[in-house]
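Asks: Provide a 3D model corresponding to the input given below.
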Amino acid sequence: MTASDERFMARALELARAVPRPSPNPRVGAVLVRDGAIVAEAAHEGPGRPHAERTALDGIDATGCTLYVTLEPCSHQGRTPPCAPAVVEAGIRRVVAPFEDPDVRVQGRGFEMLRASGVEVSVGVLASEARALNSAWAHQRRTGRARVTLKLALSLDGRLAATDGSARWITGAAARAHVHTRRAEADGIVVGAGTVASDDPQLTARVSTDVHQPARVIVDSVGRTSSRARVFAVGAQVIVATTHRCSHETQTAWKETGAEVVALPSGPGGVDLSALVAELSRRDWLEIYCEGGARLASSLLRERVVDRLELYYGPVVLGDSGPGIGGLGIDSMDQASRFTLVETRRFEDDVLVILERGGR
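Replies: Coordinates of the predicted model:
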């Protein structure tokens with residue numbers, strides 16, 4: 001790996017990031033280089049659209065070029081033709097990529113095809129950056145289900161709110177703005193009925209006027225949520241996950257707002273959350289972003305469906321207030337849920353701690 005390899009791969013990653021939202025496909029950028037100069041570049045724009053490699057190759061003589069691409073060129077027929085044969089046919093001399101595609105239809109077969117055809121392949125350039133770019137997609141490819149991210153804003157001593165119930169605002173404006181960015185990246189936002197009742201949130205991504213608005217998912221096993229809540233009034237998809245304990249009248253009122261009502265089995269804390277994750281994953285979702293309060297957070301962790309924690313710590317100490325997480329039924333360290341630190345970031349006086357569950 002050379003400094004030039006990193007520079008051109010960084011450009012490919014920049015192109016991939018610039019695409020608004022190719023979900024459920026990954027973000028992919030491609031850069032063609034000849035004699036140290038970029039001759040073409042492209043990014044994948046979404047399902048059914050040409051892959052980044054094919055777009056970059058279109059209409060130019062790429063003989064002898066090096067291709068920098070943020071994901072292994074595919075070797076299978078999907079919505080669009082495979083890219084690895086096109087790379088070989090174009091006369092590419094060398095392919096540089098960050099890592100092997102985790103999709104079971106690829107998993108190194110693209111690299112094998114290239115090498116068998118005499119193309120030099122270099123793997124590992126800016127791998128951590130590329131993995132982070134498509135981490136939710138890679139999780140979905142590996143596991144067959146959407147990644148479940150639990151977001152909490154906490155005091156330094158792990159509290160969600162003061163004793164009077166107030167929680168606005170534990171974190172500052174910069175951290176809250178980042179939450180809106182994360183909402184726009186997710187397929188859906190999940191909250192509990194208690195959050196809707198106490199905060200009456202809109203659950204929108206307030207980033208820009210043309211940003212993707214995720215679906216809003218309300219977990220309400222018994223029908224506490226009013227059909228007049230603000231979440232039903234904003235023009236984005238609303239899904240209410242409930243159980244047989246919710247009355248037909250309440251479900252009808254929700255449906256009359258345009259919401260979709262999904263009846264699921266009951267779990268220990270109300271709705272069976274494993275069943276909810278399975279239901280949402282069937283919709284080709286990549287990430288489920290959970291923003292509920294202590295009850296939903298505890299249920300998600302107790303049922304062990306959380307893959308990623310995003311914990312925003314504000315510079316306050318609340319003392320004898322409501323805990324952020326509780327009621328997990330853990331009696332010993334052997335039973336504890338364990339996560340691995342992935343990243344920390346600072347937003348003014350707040351700190352974001354990102355952790356992921358290992359061994360899934």
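Asks: Please make it C-alpha for all contacts and neighbour counts, starting now.
Replies: Will do.
Asks: which residues in the protein form helices?
Replies: 3-18, 52-57, 84-89, 109-116, 127-133, 135-143, 173-185, 193-199, 248-256, 273-281, 294-302 (DSSP state H).
Asks: would JSON lines of these with mean neighbour count, mean pLDDT and distance to residue 231 be doable?
Replies: What follows is the helices of the chain, written out as JSON lines (neighbours: other Cα atoms under 10 Å; pLDDT from 0 to 100; distance: least, Cα to Cα, whole Å):
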{"stretch": "helix 3-18", "mean neighbour count": "19", "mean pLDDT": "96", "distance to residue 231": "29"}
{"stretch": "helix 52-57", "mean neighbour count": "23", "mean pLDDT": "95", "distance to residue 231": "37"}
{"stretch": "helix 84-89", "mean neighbour count": "18", "mean pLDDT": "94", "distance to residue 231": "45"}
{"stretch": "helix 109-116", "mean neighbour count": "18", "mean pLDDT": "94", "distance to residue 231": "45"}
{"stretch": "helix 127-133", "mean neighbour count": "16", "mean pLDDT": "95", "distance to residue 231": "30"}
{"stretch": "helix 135-143", "mean neighbour count": "19", "mean pLDDT": "94", "distance to residue 231": "25"}
{"stretch": "helix 173-185", "mean neighbour count": "18", "mean pLDDT": "95", "distance to residue 231": "15"}
{"stretch": "helix 193-199", "mean neighbour count": "17", "mean pLDDT": "93", "distance to residue 231": "8"}
{"stretch": "helix 248-256", "mean neighbour count": "15", "mean pLDDT": "98", "distance to residue 231": "11"}
{"stretch": "helix 273-281", "mean neighbour count": "18", "mean pLDDT": "98", "distance to residue 231": "19"}
{"stretch": "helix 294-302", "mean neighbour count": "21", "mean pLDDT": "91", "distance to residue 231": "18"}
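Asks: As a markdown table, those helices with distance to residue 46 would be great.
Replies: As requested, those are exported to a markdown table (distance: least, Cα to Cα, whole Å):
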| stretch | distance to residue 46 |
| --- | --- |
| helix 3-18 | 11 |
| helix 52-57 | 10 |
| helix 84-89 | 19 |
| helix 109-116 | 20 |
| helix 127-133 | 15 |
| helix 135-143 | 13 |
| helix 173-185 | 14 |
| helix 193-199 | 33 |
| helix 248-256 | 31 |
| helix 273-281 | 18 |
| helix 294-302 | 31 |
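Asks: could you list every residue that touches residue 65?
Replies: 32-34, 91-94 (Cα atoms under 8 Å, 6 or more residues apart in numbering).
Asks: where does the stretch 151-300 of the chain dip in pLDDT?
Replies: 161-168 (pLDDT under 70).
Asks: So what's the gap between stretch 50-69 and the chain middle?
Replies: Mean-position distance between stretch 50-69 and its chain equals 28 Å (Cα atoms, centre = their mean, to the nearest Å).
Asks: From one end of it to the other, what's the distance?
Replies: End-to-end distance of stretch 50-69: 14 Å, with Cα to Cα, to the nearest Å as the criterion.
Asks: cool, and stretch 341-357?
Replies: With Cα to Cα, one end of stretch 341-357 sits 9 Å from the other.
Asks: still on that earlier bit, of the helices of the chain, which is nearest residue 311?
Replies: For these, proximity to residue 311 was assessed by Cα to Cα; helix 173-185 is nearest, at 10.6 Å.
Asks: Pull the distance from that closest one to the chain's centre.
Replies: 13 Å.
Asks: residues making contact with that helix?
Replies: 21, 189, 204-207, 211-214, 289, 312, 347-348, 350.
Asks: one more time with 7 Å, if that's ok
Replies: 189, 205-207, 211-214, 347-348, 350 (Cα atoms under 7 Å, 6 or more residues apart in numbering).
Asks: Now distance to residue 303 and neighbour count too, for the residues you listed, in TSV please.
Replies: Below are the contacts of helix 173-185 laid out as TSV (distance: Cα to Cα, whole Å; neighbours: other Cα atoms under 10 Å):
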residue	distance to residue 303	neighbour count
189	18	27
205	28	22
206	31	16
207	32	17
211	32	15
212	29	20
213	28	23
214	24	21
347	31	18
348	34	12
350	29	24
